[in-house]
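Q: Quick one, what's the 3D model for this:
(chains A, B, C and D)
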2 protein chains.
Amino acid sequence: MPPKSDLPQGTLDVLILKIVALGPVHGYAIAQRLQQISRDVVQVPQGSLYPALHRLENRGLLTADWKESETGREAKFYSLTSKGRKHLEAETEDWRRLAEAVSLILGLAEGGVR
Amino acid sequence: MPPKSDLPQGTLDVLILKIVALGPVHGYAIAQRLQQISRDVVQVPQGSLYPALHRLENRGLLTADWKESETGREAKFYSLTSKGRKHLEAETEDWRRLAEAVSLILGLAEGGVR
DNA sequence: ACTGATACTTTGCGCTTCTACACATCGGCA
DNA sequence: TGCCGATGTGTAGAAGCGCAAAGTATCAGT
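A: Numbering: from 1, shown residues only, chains lettered A, B, ... in the order given. Okay, here's the model as predicted:
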C-alpha cells in the first residue's frame, strides 16, 4: 500500500472538476472516489475538500443542489457548468504538458543536456 | 510554442534538486536549463528561484560556494549534499506516484468507475 | 447507549509562488 | 560617450492554497 502524497497547489481543483464531470456527485463521495481510484495515493481531507468546492462554485465552475443521497440523507450535489467544462479541458491540457516536462527533466541521465 | 504553466507547490524544489544533481551550477543557469529542457513550459521567475535555493540550503539539501562562472563573473555554485540526494530520490518517487494517480483520474472515460 | 460512517462547515496556520523591485557587472552598439 | 540588454543575486509584499482541527447533525449496527 503506497503512502499518501500531499497534493500540490492547484491540483485538487482539476481532480474535483474531473470527478464531477462524470456526473453529479456530493462532496463526500468525491473524496471517496478520488481515494479509491488512486488507490489511496490521493487522500483529500475535508478541510481541503469543502473550501475547494466553495471556491469552484464561486468561480462559476460548479453549481450545487440539495438532493437526497443514496443513503436517504440530504446532500449537496455538484454539477459542472459549461464554463467549468471548458476550464477542465484547459487545466487537463496544462497538466499533461507540465507532467511531460517534469518527467522529461526528472528522467535526465547523469550526462546532462546535449 | 506552448504557453508556460505555473508550477504547482513543491514541484520547483524537485526540479532544482535534479538540475543541481547533474553537476554544480549557479542559480541563473538553473532557471535557464529548466526553461530550455522543458521547451519554455517551465519558466522560473527570479522571485521564486532564489528563495527556493535559500530554502533548500537552509534545509541542508544544498551547499553553496562562490566561484567564477563561465563568463568570468562571480556566481554562487550549488551542489547537492548526500541528504539532498536522498531527498531527491524520495521526491522523485513521490512525483511518479502522484503523476500516475492524476493521469489515471484525468484519463477516466464518461462511463465512470467500474 | 455507544461507536462508526455519512455529510457539511468554518477557522487559523503555514507554506509557497508570483509580481515587482533593487543592485551590480559586463559586452555591444550607435 | 552613452545606452541597453544579458548576466547574476537578492528582498518585500501580496495572494493563494492545502491541512489540521474542531464543531454540527443524522443514521445503522452492536
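
Q: following the helix or strand containing A:R33, which helix or strand shows up next?
A: Assessed by DSSP states H and E, A:R33 sits inside helix A:27-37. Later in the chain than helix A:27-37, the nearest helix or strand by DSSP H and E is helix A:46-58.

Q: What number of residues are in the vicinity of the nearest residue to A:L12 once chain neighbours are set aside?
A: Leaving aside its chain neighbours, A:L12 sits nearest to A:A52 (5.3 Å; criterion: C-beta to C-beta, 6 or more residues apart in numbering or on different chains). Backbone N, C-alpha and C define where each C-beta goes, glycine included. Residues near A:A52, counting by other C-beta atoms under 10 Å in any protein chain shown, number 20.

Q: you'd agree A:A52 is up against A:L17?
A: No - counting by C-beta atoms under 8 Å, A:A52 stays clear of A:L17, with 9.9 Å between them.

Q: Now do the contacts for the residue nearest to the spatial centre of chain A.
A: Centroid check for chain A by C-alpha atoms, centre = their mean gives A:L15 as the closest residue, at 1.4 Å. A:L15 sits next to A:L7, A:L34, A:V42, B:V102, B:I105, B:L106 when contact means C-beta atoms under 8 Å, 6 or more residues apart in numbering or on different chains.

Q: quick one: the residue in chain A that DNA strand D sits nearest to from A:N58, how far?
A: Residue nearest to DNA strand D within chain A: A:G47 (2.2 Å; C-beta to the nearest atom of the strand). A:G47 sits 18 Å away from A:N58, going by C-beta to C-beta, to the nearest Å.
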